[in-house]
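S.K.: Here's my sequence, what's the structure:
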Amino acid sequence: MSKIDTNRPFLPVRIAVMTVSDTRTLETDTSGQALVSRLESAGHILADRAIVSDDVAKIAAKLKSWIADPTVDVVITSGGTGVTGRDVTPEAFDTVLEKRIEGFGELFRMLSYKKIGTSTIQSRALAGVAQGTYLFALPGSTGAVKDGWDDILLFQLDSRHRPCNFVELMPRLREGLKEGGHHD
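M.R.: Numbers count the residues shown, from 1 in each chain. Modelled structure (predicted):
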């Protein structure tokens, strides 16, 4: 059974938040704001925040800039994970990911099924790793963002979570890469 081990130190993670949308602004971005509020309440650091239009090249360019930035450990996107023509976040992720974390999307949809039933099948939520940076793509609805954070990321991005968590793996994410090193 998973739990928080209070004998271990909490290690804040630097998280960049991207909202993928052609219509939202910082003022109307309730999903992005929900993520920012939650990550800061959990003790993490907002490394950066951006709104990027539904365009593979633009999303990929922003992902690449954050992946290359040593002050960003994790990127969480909201939006663009559906199946319509403008939903291209997974395709942008495909251009940068080195490894997929298949269980993230599977777990997200399993948890989402309990709330929205079979409609969860329309979500292409996914996660992976690129050059030592974790990347998570959540649907754009505020409810989906809250579910993804509250039910998965809150725990997996907490260094005290047992039996294991993503944070404890961070120093080893870049093993085997040609340029070596890792995020501090």
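S.K.: buried ones in the longest helix along the chain?
M.R.: Across the chain, the longest stretch assigned as helix under DSSP state H is helix 102-116. Buried residues in helix 102-116, counted by 16 or more other Cβ atoms under 10 Å: Phe104, Gly105, Leu107, Phe108, Arg109, Ser112, Ile116. For every residue, glycine as well, the C-beta is placed using N, CA and C.
S.K.: In this structure Arg8 contacts Pro163, no?
M.R.: No - in this structure Arg8 lies outside contact range of Pro163 using Cβ atoms under 8 Å: 12.0 Å.
S.K.: more neighbours, the two?
M.R.: Neighbours per residue (other Cβ atoms under 10 Å) separate Arg8 from Pro163, with Arg8 holding more: 14 against 8.
S.K.: show me where this protein has strands.
M.R.: Listed in chain order, the strands found in the chain under DSSP state E are 3-4, 14-20, 45-52, 74-78, 99-100, 126-130, 133-138, 161-162.
S.K.: Sheet partners, orientation included, of the fourth one?
M.R.: Looking back up the chat, that one is strand 74-78. Its sheet considered, strand 74-78 pairs with strand 14-20 (parallel), strand 133-138 (parallel) by DSSP bridges.
S.K.: Ok, the last one next?
M.R.: The strands that strand 161-162 pairs with in its sheet are strand 3-4 (antiparallel) (by DSSP bridges).
S.K.: Other residues contacting the strand it pairs with?
M.R.: Asp158, Arg160, His161, Arg162 (Cβ atoms under 8 Å, 6 or more residues apart in numbering).
S.K.: Helices of this structure, residue ranges please.
M.R.: Assigned by DSSP H, the helices in the chain fall at 30-41, 56-68, 89-94, 102-116, 142-148, 154-156.
S.K.: so which of the ones you listed gets nearest Gly176?
M.R.: Evaluated over those, closeness to Gly176 peaks at helix 56-68, with 16.4 Å, by Cβ to Cβ.
S.K.: and the angle for that closest one with strand 126-130?
M.R.: Using axes from the mean of the first three to the mean of the last three Cα atoms, to 10 degrees, the direction of helix 56-68 lies 50 degrees away from that of strand 126-130.
S.K.: Counting by contacts, list what helix 56-68 packs against.
M.R.: Helices and strands touching helix 56-68, as assessed by 3 or more Cβ pairs under 8 Å, 6 or more residues apart in numbering; DSSP states H and E, comprise strand 14-20, strand 45-52, strand 74-78, helix 89-94, strand 133-138.
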